[in-house]
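J.: What follows is a protein structure lacking sequence information:
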Ligand SMILES: Nc1ncnc2c1ncn2[C@@H]1O[C@H](COP(=O)(O)OP(=O)(O)O)[C@@H](O)[C@H]1O
Ligand SMILES: [Mg+2]
């Protein structure tokens, strides 16, 4: 009986949450509209153009899906560090390092005579290792060096970008001169198989869905996930309850790096087929936004990440169609996060969330 | 100022914290507000001071209805509150904390504020150093700072929520003198407590809350029995001292030293037998906290040796000692003991982890239900710990302990709890002693120390007495030692070495 009421209560809070968040969404849309009006752009047309850009043709839909996969992966990674109370801003760099490691292995092995599928698998594994290594660097700086993970992450992001540029214009430059368009593309047999005629690789989607399921269960049903949460919410109490705290923080960085590295590996093997300067495509930062929106619920990330991917892809056409900058999608995303966080704050103020069972009025306590 | 509360109602979810409370306090009165934990005292006071909105009801000051929506409104109307759990004190200087609340164009300049601070403090006999850092003050000194600050902001009604927890006997005397002086200056004082002796010795009149209702009032001379009956609906007594039958030596400390930037505790020798209870007495910050945390493996020792059941635990982390049967329960339950945001089931699963990757939630819930029943916690497996009352949080902490323990270290195990909870918690602890667990506990309640310890260590300014038989002590003697009186020059140290 007690369980039923608890479940129905939980369902009720979920619906309250959803309605508050929808309100935030409408507000974000309104504010963006006001902003568009202020700069003299037709808002309706702008939204239409984003929609058409994201879903107007099969190609557009596939492009949106292509962006969806790495975004889901980075979101999953960030959710893990969030649970441990850590702001893994360094995720951009971790994606980048994943891409670099994958490129490195593919370059090493492309003439080795190994079967292409094996090279691809090894390349992806290398990407995962790269991401994890870069993340554990931020983790070590945090746990042993006392460097806040935000600063450490920012620094490492810069290093990762510099490293990419150096590789593209230095050791890995195209024959002749290096160019911003990246390294020489890999031969087609080293591409992750795609739907014929398009760049969309079902493998990338499958891997990212697996990631969602894994993180969902990790955070919800495992001792590790629960311990991460305890560390994130109250490190000292977690320690006294027997949780080795720094080990868990480090592990959360490492796992986040795994997902980020995988995202980077997929950018190389499935999307660009080479290393380009901005290989991480801001999926790390966007993943942080998505994670903030979904408030630890891995499954909610699926639709929200799709929406964000659609916004990004859809706004690519804005400059051409309406002479608007494509950063409009960023404006909308940023506003959305801000408003959702604000509305969440308001909700917590409005409702006292602490619910404890009714206490019988009589002195029923049996003591001493 | 004359304060009147009319028909105050407040519910939290399903908990009725205040039900139709009426209270009228004339100026110049010390009004006691008595009630066991969770009775609704803090809630009522927070309503008056603007921290909580009543669902219903009115507040009248000098007969005029006022609207109080925030603590700022309250202080503007002349109402100031000292909280039960002192709100965060950031690392700032006393003088900064003092002027902080008054910004804007009213800003009087630091020099003037410093003068005011000194003058007000002198009036009450408080020794407040304007340049000391707030986080280095004792609980009692923080209270003094708050009193002075609220008066400076123009408070004419002062609310004290459980001000006697965590302060020394001497500080309590000074506090009471200050409260009497406030009343003489025609201020209205609301004094919240669950301790009978405080209320009896101080208040001009008392009302008693029970489970949200105002169930009665009394005027001096008070009869303890009557007050207790109003609080609990039945009379209870603390009971007789029960010394434990004690066994072999379990914990052995040799020449243990530990220090922080303020204080050095040097060369403690102690042999604790299985099932023995050792009380650590002393004013807050005399070294007992350092000592306790060092034994727990939470602080690095600077010398000496800790061994438990013959196993050397010196320099090992708390996680290691925990594996060997040591547990530490901190005084700040929500800051260090429990994880706000997690529910009871999650806590039991965390504490109980036996291996395996996936959580058996069914099992966890069953365990939670079992322990909730066993420890009489008012809550469900899905209750978040921050929604429990202090007494129930403490019960939860006890319920989270491993089944078999060798050494249990407790900081203020019953601070802020009512008599009933105190008795209950000690009955649970004594049960553990019966199973061979040794207990070390810190408390500022001398009676608790004498009541429940077999031996007592007194701390004063980093000095540690040899273990003293509790049965041969009384509160007067203990009080003297805590205050630094009656310490022999050096010979105790010798005696202790011989003992170890
Ligand atoms: N913010 C809150 N949210 C939910 N319940 C609360 C809150 N504050 C107090 N309560 C509940 O209201 C009751 C009265 O609490 P309180 O006024 O703190 O009691 P007291 O100060 O007399 O110990 C308790 O059952 C407590 O758990
Ligand atoms: Mg209270």
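T.: That came through, no problem. A quick note: this is a predicted structure, and the numbers were derived from the prediction, not measured. Ligands and ions are numbered 1, 2, ... in the order given.
J.: quick one, domains of chain B?
T.: With automatic domain parsing as the criterion, the domains of chain B are listed as B:3-232, B:249-325+B:402-482.
J.: Pick out the shakiest of those domains, pLDDT-wise.
T.: Set side by side, the domains of chain B show their lowest mean pLDDT on domain B:3-232, which sits at a mean of 86.
J.: what's the distance between the most centrally placed residue in chain B and residue B:200?
T.: Within chain B, the residue whose C-alpha comes closest to the C-alpha centroid is residue B:415; the distance, by C-alpha atoms, centre = their mean, is 3.7 Å. Going from residue B:415 to residue B:200 by C-beta to C-beta, to the nearest Å gives 20 Å. Backbone N, C-alpha and C define where each C-beta goes, glycine included.
J.: what helices or strands is the longest helix seen in chain A leaning on?
T.: What stands out as the longest helix in chain A, according to DSSP state H, is helix A:2-38. Identification of packing neighbours for helix A:2-38 by 3 or more C-beta pairs under 8 Å, 6 or more residues apart in numbering or on different chains; DSSP states H and E yields helix A:43-55, helix A:328-350.
J.: Just confirm yes or no for whichever helix or strand residue A:69 is part of near chain B.
T.: Per DSSP states H and E: residue A:69 is located in helix A:58-83. No: for a cut-off given as C-beta under 8 Å from any C-beta of the partner chain, helix A:58-83 has no contacts with chain B; the smallest distance is 11.2 Å.
J.: what separates that helix from the chain centre, distance-wise?
T.: Offset of helix A:58-83 from its chain centre (C-alpha atoms, centre = their mean, to the nearest Å): 6 Å.
J.: what do you get for stretch B:156-166?
T.: Worked out by C-alpha atoms, centre = their mean, stretch B:156-166 lies 13 Å from the chain centre.
J.: Sort out which residues of it are buried, please.
T.: Along stretch B:156-166, the positions that meet the burial threshold by neighbour count (16 or more other C-beta atoms under 10 Å in any protein chain shown) are B:156, B:157, B:158, B:159, B:160, B:161, B:162, B:163, B:164, B:165, B:166.
J.: related to what we said a few turns ago, let me have the helices and strands packed on helix A:2-38 in JSON lines, extended by mean pLDDT.
T.: As requested, those are exported to JSON lines (pLDDT from 0 to 100):
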{"stretch": "helix A:43-55", "mean pLDDT": "88"}
{"stretch": "helix A:328-350", "mean pLDDT": "80"}
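J.: which one of those helices lies closest to ligand 1?
T.: Proximity to ligand 1 (C-beta to the nearest ligand atom) singles out helix A:328-350 among these, at 11.8 Å.
J.: Which strands or helices does that closest one pack on?
T.: Helices and strands touching helix A:328-350, as assessed by 3+ C-beta pairs under 8 Å, 6+ apart, comprise helix A:2-38, helix A:43-55, helix A:283-294, helix A:301-314.
J.: Wondering if that helix reaches ligand 1 at all.
T.: No: no part of helix A:328-350 sits near ligand 1 under the criterion C-beta under 6 Å from any ligand atom; the closest distance found is 11.8 Å.
J.: Over to stretch B:179-196?
T.: No: judged by C-beta under 6 Å from any ligand atom, stretch B:179-196 makes no contact with ligand 1; its nearest approach is 6.9 Å.
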